[in-house]
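>>> Got a predicted structure here, sequence first:
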Amino acid sequence: MYQNFVYQPYRGSDGAILGVLAISIDVSAQVLARHTIEEVVKERTAELELANNSLVKSNAELAQFAYITSHDLQEPVRKISIFTKMLEGGLGDLDDRSQNYITKIKSSAERMGNLIKDVLVYSQISKGNVLFERVDLKTIADEILTDYELIIEQTGAAITFTGLPVVQAIPLQMSQLFSNLVSNSLKYIAPGTKPVITVTAAPLAKEDLAVYPNLNSNLEYSKIEFRDNGIGFEAEYAEKIFNIFQRLHNKSEYTGTGIGLAMCKKILENHHGHIEAAPVEGGGALFTVILPATQYTY
């Protein structure tokens, strides 16, 4: 039993203290309820901490497994590709059926090689032990233009970058982000169409932060838009395209492993930013990237 005692003086008609009046209130129910709540909170906190530690361990093990597995798979795939080419050269003239089989083997080996490389990159992006530094995104953009110089010349693509800021970021991951988004726009283009890719950046207005509840209202952000005139996608797939291995088109129509946009999402998570996609009326796609100017210790 738990009692709450209240003491007050008992006075006579002349105001003189004649004694002490003690009032006892039974508060057993309240005390037991409070203890129960405290125990439940303590138990739930312990369970949550245990689950979080388990999740961190599982994610680390998964990333390590992906890295080791992908790394070990590279050599046999490389040998398949080399021996297939040697076999093709050694057999001389082949009939159409045999040549078709050889072509399919080479194509499959190439796709597998690209997939392994992308899984390796994705597993590395998941690691959080990389330091942030000042990165000029204009420099990143210039490097991307140099990397894609040949395909730009072959397709007649027009790519422009405007207003790119300097941000606190991981340089390699910024290169991967820009490369994947530009590559995506160059890849998903209708036959006979010259790619037009416009990348613009501007500070994100404070009042627009409310649209992104996961962002920190104390930080300054840049809004970077990647707009293209490609084949686009249906609005219902706006979120699904960022899932790993998600493909919206047949691999015989457009190449790719389905990891590129998942990498972009992971990179933005690493930088406490945001990425979203939307179809453009009349064709094309718009990818919006929100990046903080500086990193906050979360």
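Arrived safely. These numbers were taken from a predicted model, which means no experiment stands behind them.

>>> how far out from the middle of the chain is the helix or strand in which residue 25 is found?
Assigned by DSSP states H and E, residue 25 belongs to strand 17-26. When distances are taken as CA atoms, centre = their mean, to the nearest Å, strand 17-26 is centred 66 Å away from the chain's centroid.

>>> What helices and strands are in contact with it?
Judged by 3 or more CB pairs under 8 Å, 6 or more residues apart in numbering; DSSP states H and E, the packing partners of strand 17-26 are strand 3-11. Quick note: C-beta positions are derived from backbone N, CA and C, even for glycine.

>>> quick check: mean pLDDT across the strand holding residue 25?
Average pLDDT, strand 17-26: 73.

>>> Other residues contacting that strand?
1-12 (CB atoms under 8 Å, 6 or more residues apart in numbering).

>>> Same question for stretch 279-290.
By CB under 8 Å, 6+ apart, stretch 279-290 touches 177, 181, 184-185, 188, 190, 204, 212, 215, 221-235, 238, 264, 268, 273-278.

>>> where's the residue with the largest distance to the centre of the chain relative to residue 135, distance?
Residue farthest from the centre of the chain, counting by CA atoms, centre = their mean, is residue 14 at 79.7 Å. As judged by CB to CB, to the nearest Å, residue 14 and residue 135 stand 85 Å apart.

>>> do residue 195 as well
On the measure of CB to CB, residue 195 and residue 135 end up 26 Å apart.

>>> Also residue 224?
13 Å.

>>> Neighbour count: the two, which is higher?
Taking other CB atoms under 10 Å, residue 224 and residue 135 do not tie; residue 224 has more neighbours (26 against 20).

>>> beta partners for that one?
residue 201, residue 289 (DSSP bridges).

>>> Give the partner strands of the strand holding residue 25 in its sheet and their orientations.
strand 3-11 (antiparallel).

>>> which residues are contacting the strand it pairs with?
17-27.

>>> what stretches of the stretch 151-298 of the chain score poorly on pLDDT?
244-258, 297-298 (pLDDT under 70).
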